[in-house]
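Q: Quick one: sequence plus predicted model below, questions after.
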Amino acid sequence: NELNGQLRIVIVGHVDHGKSTLIGRLLNDTGSLPDGKVEQVHEMSRKRGMPFEWAFVMDALQAERDQGITIDTTQIHFKTEQRPYVIIDAPGHTEFLKNMVTGASQADAALLVIDAAEGALEQSRRHAFLLHLLGVRQVAVAVNKMDRVDFDQYRFEAVSQEIRAYLAELGLHTSTVIPIAARHGDNIVTRSDKAPWYDGPTVVEALDAFRPQQAPTELPLRFPLQDVYKPDDRRILAGRIESGRLRVGDTLRFSPTGATATVVSIEGWNHSQPIVAAQAGQSIGITLDKRIFAERGHVAHHEEGAPYVTHRLGVRAFWLTSEPLAVGKTYTLKITTGEHRVTVESITAVIDIEDLSSTPAKAVHRNEVAEVVLRSRSPIAVDLASTLSRTGRGVLIDGHDVVGGCIVVEVDEGPAASA
Ligand code: GDP
């Protein structure tokens with residue numbers, strides 16, 4: 001995440017509240033647009049018989065991608081004086097929710113866009129809920145289209161109070177709320193003179209105040225195995241360290257088996273020098289002092305601060321697909337590299353996105369959030385999302401489709417017993 005000190009952000013909010021327009025403006029007003037793009041947008045707007053439309057900047061960038069210039073179809077880059085940014089998903093992108101839920105787009109921070117005239121609608125709340133669910137804790141709110149309400153301070157305060165209260169209930173406290181008019185560039189990069197009553201940050205100032213998420217090196221070690229292979233006479237256990245650190249000489253335990261062994265060497269992909277230590281965020285291979293049974297999905301850790309090993313776990317799930325989640329159904333739960341067959345034992349409650357109340361239910365429908373109990377035949381090495389977000393979060397797969405995302409909120413067994 002810290003590549004070039006780059007900050008990864010998502011821009012969320014109800015359709016038509018102005019996310020694309022804000023992106024167009026951010027790119028333009030920070031001087032991040034390639035030459036000729038504004039002219040292209042003029043042309044696109046004219047062709048469609050519309051006034052200049054900033055939201056078309058995204059389309060103009062997309063057109064470039066379609067010609068194969070950029071491989072990644074969802075990432076948009078811009079730069080402030082402070083640092084580079086990447087918007088890791090595009091609003092309106094069909095995979096947007098899925099990417100958010102699967103953590104394919106792990107953001108450092110988020111901007112929630114709300115139309116001043118419409119206020120926070122269900123979709124705005126759902127996105128805020130997802131941010132919370134996915135562990136994005138830095139959120140700024142842009143109350144957009146302030147021109148539609150004549151930059152009325154009282155309207156702004158009303159929308160602001162409402163969304164602040166909702167975010168606070170979710171436990172997202174630090175939010176900055178900014179009155180903007182994306183179409184006209186008010187309070188994006190330049191301070192607006194139409195809202196003299198506002199003395200908080202502009203959108204760019206709010207973004208620049210965010211901090212990159214630190215790689216969780218100080219947390220307990222979690223090294224989920226991706227692969228075990230034998231390039232020669234060595235046997236290398238490969239994967240990405242999700243949290244913590246490990247050193248040559250460390251004794252590791254593997255969950256769920258409980259097997260232990262000592263690290264003899266650490267193999268890096270681009271290192272000619274021997275590596276003695278590695279940390280969260282690095283992809284490495286290790287060799288051990290003895291042969292143990294280990295395979296993809298097993299998690300290496302230290303004796304202290306071991307993960308849970310359980311057959312039964314309580315998750316908060318977000319459902320993505322039209323076929324509802326139901327008691328008795330079986331899915332594949334994928335947590336980092338591990339894949340486990342799980343059956344839905346019970347649905348404790350479905351959470352109402354509007355008021356965050358919970359009610360019992362028999363099924364969970366698309367776009368609903370629910371507390372669900374999953375049972376697995378084989379033991380699963382897992383963490384609570386509140387302590388270790390990477391190994392405490394998973395996706396539910398049906399056939400080949402990702403059908404939901406979930407975070408682990410409850411586990412009823414302890415760490416692995418010694419083998
Ligand atoms: P998205 O669906 O959230 O990406 O929304 P868009 O960026 O496509 O904007 C939806 C519509 O709102 C477009 O017609 C925009 O021109 C319009 N819009 C966006 N920002 C503003 C604004 O600040 N003021 C007004 N009056 N309209 C805006």
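A: Nice, thanks for sending it over. Given the structure is predicted, the values throughout are model-derived calculations rather than measurements. Numbers count the residues shown, from 1 in each chain.

Q: make it CA atoms for all contacts and neighbour counts henceforth
A: Fine.

Q: Which strands or helices does the helix ranked longest in the chain pack on?
A: Assignment by DSSP state H gives helix 153-170 as the longest helix of the chain. Packing partners of helix 153-170 (3 or more C-alpha pairs under 8 Å, 6 or more residues apart in numbering; DSSP states H and E): helix 122-133, strand 139-144.

Q: Next, see if the shortest one gets close to the ligand.
A: Yes. Figure legend: strand 139-144 in contact with the ligand (C-alpha under 6 Å from any ligand atom); contacting residues residue 144.

Q: Pull out the buried residues from stretch 77-86.
A: Buried residues in stretch 77-86, counting neighbours by 16 or more other C-alpha atoms under 10 Å, are found at 78, 79, 80, 84, 85, 86.

Q: about what we covered before: got the helices and strands packed on helix 153-170 as TSV, with mean pLDDT columns?
A: Formatted as TSV, those follow (pLDDT from 0 to 100):
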stretch	mean pLDDT
helix 122-133	88
strand 139-144	97
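
Q: okay, these in a markdown table with mean neighbour count next?
A: Formatted as a markdown table, the helices and strands packed on helix 153-170 follow (neighbours: other C-alpha atoms under 10 Å):
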| stretch | mean neighbour count |
| --- | --- |
| helix 122-133 | 20 |
| strand 139-144 | 27 |
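
Q: ok, now which ones touch residue 53?
A: For residue 53, the contact set (C-alpha atoms under 8 Å, 6 or more residues apart in numbering) comprises 21, 41, 42, 45, 183.

Q: ok, and which of those residues reach the ligand?
A: Within those, those near the ligand by C-alpha under 6 Å from any ligand atom are 21, 183.

Q: partner residues bridging residue 227?
A: With DSSP bridges as the criterion, residue 227 is bridged to residue 238.

Q: Over to residue 346?
A: Applying DSSP bridges, one finds that residue 346 bridges with residue 373.

Q: Just give the number of residues close to it.
A: Residues lying near residue 346 (other C-alpha atoms under 10 Å) number 19.

Q: thought it was touching residue 327?
A: Yes. Contact criterion C-alpha atoms under 8 Å: residue 346 and residue 327 qualify, at 5.6 Å.

Q: For the ligand, what's its nearest residue on the stretch 151-300 of the chain.
A: Ranked by C-alpha to the nearest ligand atom, the top residue of the stretch 151-300 of the chain for proximity to the ligand is residue 181, at 3.2 Å.

Q: For the closest residue to that residue other than its chain neighbours, give me phi and psi.
A: Among residues not flanking residue 181 along the chain, residue 145 sits closest, at 4.6 Å (C-alpha to C-alpha, 6 or more residues apart in numbering). Main-chain dihedrals, residue 145, degrees, to the nearest 10: phi 60, psi 40.

Q: Give the full set of residues in contact with residue 145.
A: Counting by C-alpha under 8 Å, 6+ apart, the residues that residue 145 touches are 17, 18, 115, 116, 117, 180, 181, 182, 183.

Q: Just the pLDDT for it.
A: In the predicted model, residue 145 carries a pLDDT score of 98.

Q: Then the one 10 residues further on?
A: Note on residue 155: pLDDT of 98.

Q: wait, isn't it in contact with residue 116?
A: Yes. At 7.2 Å, residue 155 counts as touching residue 116 under the criterion of C-alpha under 8 Å.

Q: overlap in contacts of those two?
A: Jointly contacting residue 155 and residue 116 under the rule C-alpha under 8 Å, 6+ apart are residue 149.

Q: neighbour count winner among these two?
A: residue 116 (27 against 17).

Q: Point out where this protein drops to low pLDDT.
A: Within the chain, the stretches with pLDDT under 70 are 1-4, 63-74, 90-94, 103-105, 174, 271, 414, 416-419.
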